[in-house]
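1. Have a look at this fold, sequence not included:
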């Protein structure tokens, strides 16, 4: 039996968007989102509290849409690019 890592624990999967034959998750648990980004779950909750990441609360679970996490990362990168180019 294959052991699932936190990054693999998602509630739902979407059809392949990357063209590689693997289904991408629609939602991620907070630990899975944290593992995917490389930060702690506590930090994910911090960004949720600040309103930077919008969660989905479903059945007592806090889930994050894959696309929401991706958009958040892109926005953070864009903010860093602006600060770097202004220097």
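-> Structure received. All values reported here derive from a predicted model rather than from experimental measurement. Numbering: from 1, shown residues only.
2. contacts, neighbours, all on C-alpha from now
-> Will do.
3. Please enumerate the strands of the protein.
-> In the chain, strands defined by DSSP state E lie at 13-14, 24-25, 27-29, 56-58, 61-65, listed in chain order.
4. averaging pLDDT over each of these, which comes out lowest?
-> Comparing mean pLDDT across the strands of the chain, the weakest is strand 13-14, with a mean of 55.
5. and the gap between residue 48 and residue 23?
-> 26 Å (C-alpha to C-alpha, to the nearest Å).
6. Let me fix that, I meant to ask about residue 66.
-> As defined by C-alpha to C-alpha, residue 66 lies at a distance of 12 Å from residue 23.
7. What of residue 49?
-> 29 Å.
8. go on, residue 55?
-> Residue 55 sits 21 Å away from residue 23, going by C-alpha to C-alpha.
9. Residue 55 - how many residues pack around it?
-> As a burial measure, residue 55 scores 22 neighbours (other C-alpha atoms under 10 Å).
10. mind listing what's buried in the longest helix anywhere in the chain?
-> Among the segments of the chain that qualify as a helix by DSSP state H, the longest is helix 66-86. By neighbour count with 16 or more other C-alpha atoms under 10 Å, helix 66-86 contains the buried residues 66, 68, 69, 72.
11. Could you verify my assumption that the third one touches residue 52?
-> No - applying C-alpha atoms under 8 Å, one finds residue 69 not in contact with residue 52, separated by 9.6 Å.
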